[in-house]
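[1] Okay, predicted coordinates and the sequence, questions at the end:
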Amino acid sequence: QVQLVESGGGLVQAGGSLRLSCVGSGRAVGFYAMGWFRQAPGKEREFVAGVRRSGYHKDYSDSVKGRFTISRDSVKNMVSLQMNSLKPEDTAVYYCTADAVNRGLVSKNAQSYAYWGQGTQVTVSS
């Protein structure tokens, strides 16, 4: 049974930092792209950041580029998201995700991802 277990998140003031981590298990061949989506109340789930298995090819949404950094340890099936200079509009439930297909890129489409974590709340106060 594949599982993605997230940790981190919480409440922080605007301008502060948080770090999210996610560990995957239950898949012998590991995962291809891994990443993070987020969903704020009343809004659709949106892509935040993703990284391919190599750990070198990364992609970010324009809204977080320059503030968030994604990293990966493919041996441990772990992906992390360092979030700096947080803004109130970053408030959302953040979901770890993993792709079971080698697409040769980081997909920004939530439909591409077969596996999801349970989500962790990030709240940024103004």
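    Perfect, I can see it now.
[2] what helix or strand is the residue most central in space within the chain on?
    Against the mean C-alpha coordinate of the chain, by C-alpha atoms, centre = their mean, the closest residue is W36 at 1.8 Å. Element membership for W36, per DSSP states H and E: strand 34-39.
[3] Could I get the buried residue list for that strand?
    For strand 34-39, burial by neighbour count (16 or more other C-beta atoms under 10 Å) applies to M34, G35, W36, F37, R38. C-beta: built from backbone N, CA, C; applies to glycine.
[4] I'd assumed Y95 was in contact with the first one.
    In this case it means M34. No. M34 is not in contact with Y95 according to C-beta atoms under 8 Å; the separation is 11.4 Å.
[5] Now for those two: what residues contact both?
    Listed contacts common to M34 and Y95 are nil; contacts here mean C-beta atoms under 8 Å, 6 or more residues apart in numbering.
[6] bridging residues for T120?
    Beta-bridge pairing of T120 under DSSP bridges involves Y94.
[7] how many neighbours does L105 have?
    Counted with other C-beta atoms under 10 Å, the neighbours of L105 add up to 14.
[8] before we move on, back to that, so how far is V122 from the residue nearest to the centre of the chain?
    W36 sits at a distance of 10 Å from V122 (criterion: C-beta to C-beta, to the nearest Å).
[9] Mind listing the shared neighbours of the two?
    Here W36 and V122 share the contacting residues L20, Y94, scored by C-beta under 8 Å, 6+ apart.
[10] Quick check: the farthest pair among the buried residues of strand 34-39?
    The largest separation in these, counting by C-beta to C-beta, is between M34 and R38 at 14.9 Å.
[11] Show me where the chain has its helices.
    In order along the chain, the chain carries no helices (DSSP state H).
[12] those strands in it, which residues are they?
    Per DSSP state E, the chain carries strands over the ranges 3-8, 10-13, 18-25, 34-39, 46-51, 58-60, 68-73, 78-83, 92-98, 115-116, 120-125.
[13] export these to JSON lines and tack on distance to V106 and mean pLDDT?
    Listed next are the strands of the chain as JSON lines, based on distance: least, C-beta to C-beta, whole Å; pLDDT from 0 to 100:
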{"stretch": "strand 3-8", "distance to V106": "16", "mean pLDDT": "95"}
{"stretch": "strand 10-13", "distance to V106": "26", "mean pLDDT": "98"}
{"stretch": "strand 18-25", "distance to V106": "15", "mean pLDDT": "96"}
{"stretch": "strand 34-39", "distance to V106": "6", "mean pLDDT": "97"}
{"stretch": "strand 46-51", "distance to V106": "4", "mean pLDDT": "98"}
{"stretch": "strand 58-60", "distance to V106": "4", "mean pLDDT": "97"}
{"stretch": "strand 68-73", "distance to V106": "9", "mean pLDDT": "96"}
{"stretch": "strand 78-83", "distance to V106": "11", "mean pLDDT": "97"}
{"stretch": "strand 92-98", "distance to V106": "11", "mean pLDDT": "97"}
{"stretch": "strand 115-116", "distance to V106": "15", "mean pLDDT": "96"}
{"stretch": "strand 120-125", "distance to V106": "21", "mean pLDDT": "98"}
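[14] If anything else comes up later, I'll come back, but that's it for now.
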